[in-house]
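Engineer: How does the following fold in three dimensions:
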Amino acid sequence: MIKEHYDAVRALLPEGMQVYVGNVEGELLPDGKRAPIKYPYVCLWGDLGDESSGGPDGESLGDVPAVLSLRPRATYAGLTFDSVLIVARNVRATLSRKTPAVTGWRTNPLRQSTLMDVQVDRDVTIPGSGAHPLFAVDEFALVSHKL
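Structural biologist: Residues are numbered from 1 along each chain as shown. Prediction:
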């Protein structure tokens, strides 16, 4: 059920946007090497969620999981401050307050919050340039109820 929820969030992102899910890796080439990372991009990732059988008032008597709370996250990365802002704007426009469709579940609208401001990623160096990309992170809280 977790994967289906992440797939539904991913499906909301527009075609043509460079999207990675879970990990940022270049395309696997025929020679076994990886293609360079394409900037700017968004990487969708997050927690495994919390399952419960009740709402905020506690567990149900049957204790059958019926509520899933997830925290999908989006890492935006670019070579310039502006490119990170543009990717963030585009992703927020397609995810914030939107409702992912998951068969057998009633999902609440995604709620955006900022986790990390735009900053330089000194752990990554762009090959051939010595430059460092910039990144920022948002979280999109999602609560889903089994039908």
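Engineer: who touches residue 112 in this structure?
Structural biologist: Residues in contact with residue 112 (Cβ atoms under 8 Å, 6 or more residues apart in numbering) are 92, 95, 96, 97, 138, 139, 140. No exception for glycine: its C-beta is placed from N, CA and C like everyone else's.
Engineer: Next, count neighbours for the fourth one.
Structural biologist: Translated: residue 97. 12 (other Cβ atoms under 10 Å).
Engineer: re earlier: kindly present the contacts of residue 112 as TSV, with separate columns for secondary structure and distance to residue 124.
Structural biologist: TSV is the format used below for the contacts of residue 112 (DSSP: H, G, I helix; E, B strand; the rest coil; distance: Cβ to Cβ, whole Å):
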residue	secondary structure	distance to residue 124
92	helix	23
95	helix	24
96	coil	27
97	coil	31
138	strand	19
139	strand	21
140	strand	24
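Engineer: Taking the residues you listed, tell me the two that lie furthest apart.
Structural biologist: Within the contacts of residue 112, two members stand farthest from each other by Cβ to Cβ: 97 and 139, at 14.0 Å.
Engineer: which phi and psi does residue 83 have?
Structural biologist: Phi and psi for residue 83, reported as degrees, to the nearest 10, are phi -70, psi -30.
Engineer: On the pLDDT front, check it for me.
Structural biologist: The model reports residue 83 with a pLDDT of 97.
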